[in-house]
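Chemist: build me a model from this:
(one chain, ligands or ions: 2)
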Amino acid sequence: MTLNLYGLCGEMGDAMLLFEKMPQRDVVTWNIMIAQLVKRGDIDGAYCFFLRMPDKNVRSWTSMISAFVQCGKPKEPIDLFMKLQDEAVRPNEVTVVSVVAACADLGELDLGRSVHEYSTRSGFKRNAEEIYQFWDKLLVKMKHRGYAPKTSVVLLDMEEKEKEKFLYRHSEKLAVVFGLMTTPEGTTIRIMKNLRVCEDCHTALKLISGIVNREIIVRDRNRFHCFRGGQCSCREFW
Ligand SMILES: [Zn+2]
Ligand SMILES: [Zn+2]
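Modeler: Residues are numbered from 1 along each chain as shown. Ligands and ions are numbered 1, 2, ... in the order given. Have a look, this model is predicted:
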């Protein structure tokens with residue numbers, strides 16, 4: 001039932017009510033609520049949920065941290081990253097990449113460096129700078145193939161350029177780039193996502209699969225998307 005929450009409820013308000021009435025809420029349900037609020041641009045609402053969560057896992061921390069980074073609030077993710085370490089939660093690559101990006105936005109270069117050092121010590125081999133560089137190169141090739149960022153999927157009130165930047169930081173794009181950098185050529189990249197993949201990421205992943213000649217499989221809320229040779233197995237029915 002929990003995972004179908006949004007299939008049942010078109011409106012966020014209904015989903016909220018349903019959520020509040022649920023006798024038992026597991027960490028997945030909480031994470032879905034947070035991700036959904038973030039997607040709607042309600043970062044404060046998402047943060048309220050996050051604070052109320054009894055047990056937070058690395059996904060909860062990471063979605064909150066990357067949400068703050070995406071909406072241009074770089075201070076909060078750094079605070080959260082500190083708290084996460086106090087609670088002995090082990091961050092994953094996306095957490096680290098988001099925090100380093102936040103440090104870069106704030107000009108906190110020393111702090112960024114220490115997060116990077118921490119990540120290297122903990123066995124993370126890539127940092128945010130490398131990931132974004134890789135993305136920029138990929139973006140040039142995508143634009144040659146007709147890609148134009150679909151900023152209309154961003155519900156937040158911000159400048160066009162900011163919206164583009166926001167889109168480029170969607171977790172599925174970062175995860176694919178990270179996968180491309182860390183797995184041998186030709187390997188299939190697999191990604192899980194709690195929410196439906198957005199239209200812009202769908203277009204981007206199709207193009208990327210053709211450019212890098214890799215199969216990319218995304219399991220989102222509704223179905224599997226298998227991107228290969230510039231096409232998706234769903235044939236746009238999703
Ligand atoms: Zn997206
Ligand atoms: Zn698809």
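
Chemist: okay, now the closest residue in space to Q231 that isn't next to it in sequence: neighbour count?
Modeler: Among residues not flanking Q231 along the chain, K206 sits closest, at 6.2 Å (C-beta to C-beta, 6 or more residues apart in numbering). Backbone N, C-alpha and C define where each C-beta goes, glycine included. K206 has 22 neighbouring residues, counting by other C-beta atoms under 10 Å.

Chemist: who touches K206 in this structure?
Modeler: 227, 230-232 (C-beta atoms under 8 Å, 6 or more residues apart in numbering).

Chemist: the helix or strand hosting it and ligand 1 in contact?
Modeler: Here K206, judged by DSSP states H and E, is contained in helix 199-212. Yes: judged by C-beta under 5 Å from the ion, helix 199-212 comes into contact with ligand 1 at C201.

Chemist: what is the mean pLDDT for that helix?
Modeler: Averaged across helix 199-212, pLDDT comes to 96.

Chemist: the contacts of K206: which ones sit near ligand 2?
Modeler: Counting by C-beta under 5 Å from the ion, the members of the contacts of K206 near ligand 2 are C232.

Chemist: poorly predicted segments of the protein, please.
Modeler: 1-11, 104-105, 107, 124-128, 194 (pLDDT under 70).

Chemist: and for A175, the neighbour number?
Modeler: 21.

Chemist: check the offset of the longest helix along the chain from the chain's centre.
Modeler: Secondary structure of the chain per DSSP state H: the longest helix is helix 128-144. With C-alpha atoms, centre = their mean, to the nearest Å as the basis, helix 128-144 stands 16 Å off its chain's centre.

Chemist: which SS class is I217?
Modeler: Assigned by DSSP: H, G, I helix; E, B strand; the rest coil, the conformation of I217 is strand.

Chemist: looks like it contacts C232 (just checking).
Modeler: No: if you go by C-beta atoms under 8 Å, I217 and C232 don't touch, sitting 10.2 Å apart.

Chemist: so which of those two has more stuff around it?
Modeler: C232 (21 against 17).

Chemist: that one pairs with what?
Modeler: Taking DSSP bridges as the rule, C232 bridges to F227.

Chemist: list the residues that contact it.
Modeler: Contacts of C232 (C-beta under 8 Å, 6+ apart): 202, 205-206, 225-226.

Chemist: so which of those reach ligand 2?
Modeler: H225.

Chemist: just the contacts of C232 now: which is nearest M82?
Modeler: L205 (33.3 Å; C-beta to C-beta).

Chemist: so who does the closest one touch?
Modeler: 172-173, 176, 197, 216, 218, 225, 227, 232.

Chemist: and what of S122?
Modeler: Contacts of S122 (C-beta under 8 Å, 6+ apart): 90-91.

Chemist: for it, give its distance to G146.
Modeler: Counting by C-beta to C-beta, to the nearest Å, the gap from S122 to G146 is 40 Å.

Chemist: again with N92
Modeler: For N92, the distance to G146 - C-beta to C-beta - is 33 Å.

Chemist: and those two? Which one has more around it.
Modeler: N92 (14 against 8).

Chemist: pull the contacting residues for that one.
Modeler: N92 neighbours (C-beta under 8 Å, 6+ apart): 58, 62.

Chemist: any idea how far it is from S60?
Modeler: Distance from N92 to S60, by C-beta to C-beta: 12 Å.

Chemist: do A67 as well
Modeler: For A67, the distance to S60 - C-beta to C-beta - is 11 Å.

Chemist: what is in contact with those two at once?
Modeler: With C-beta under 8 Å, 6+ apart as the test, A67 and S60 both reach I34.
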